[in-house]
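>>> sharing a model prediction with you, sequence too.
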Amino acid sequence: MEIINIFFPFCRDGSVILTIKYNSGKCGNVQVKDGEIINFPLGDKVKTAVKSLIKKNSYAWLKTKYYEISKKRKNDDDIEFLVEAFTDYMAELKDIQKELKKLYT
């Protein structure tokens, strides 16, 4: 399994959505809220595997995303807009990290 994407839903209800590619090749979304995986139709064995995947790989995924955003900021010209967007992205990444940390601590 691997994490493909991590994001907040548009409704911003405090949950985090992870897009995960399973060993079977299929992709699916996992919703995490208040330290729990919610609305998860698969069994407990898969849920445990997803939790360990999140614990193992979410920090690296978020760190990579942080560096991508930082690199883009350095390459673009409109500094005023980018500083504002950069600050928003960084705050969102920190919020995502805090929510995911609740899951495995």
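Structure's in. What do you need? Numbering: from 1, shown residues only.
>>> okay, stretch 28-39 in CSV with CA atoms only?
What follows is stretch 28-39 as a C-alpha-only set of coordinates in CSV (Å, rounded to 0.1, in the frame of the first residue of the first chain):
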residue,chain,number,x,y,z
GLY,A,28,-9.6,4.3,-2.2
ASN,A,29,-10.2,7.2,0.2
VAL,A,30,-9.8,6.9,3.9
GLN,A,31,-11.3,9.6,6.2
VAL,A,32,-9.7,10.4,9.5
LYS,A,33,-11.4,12.5,12.2
ASP,A,34,-10.6,12.9,15.8
GLY,A,35,-8.0,10.2,15.8
GLU,A,36,-10.3,7.6,14.2
ILE,A,37,-10.7,6.2,10.7
ILE,A,38,-14.4,6.7,9.9
ASN,A,39,-16.7,5.5,7.1
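>>> okay, buried residues for that stretch please.
Judged by neighbour count (16 or more other C-beta atoms under 10 Å), stretch 28-39 contains these buried residues: 28, 30, 32-33, 37. C-beta here means a position set from N, CA and C on the backbone, and glycine is covered the same way.
>>> quick check, central residue of this protein?
residue 6 (2.6 Å; C-alpha atoms, centre = their mean).
>>> neighbouring strands for the host helix or strand of it, and are they parallel or not?
Using DSSP states H and E, residue 6 maps to strand 2-7. Strand pairing for strand 2-7, using DSSP bridges, gives strand 16-21 (antiparallel).
>>> follow-up on the earlier one: which of the buried residues of stretch 28-39 fall in helices?
Using DSSP state H, no member of these falls within helices.
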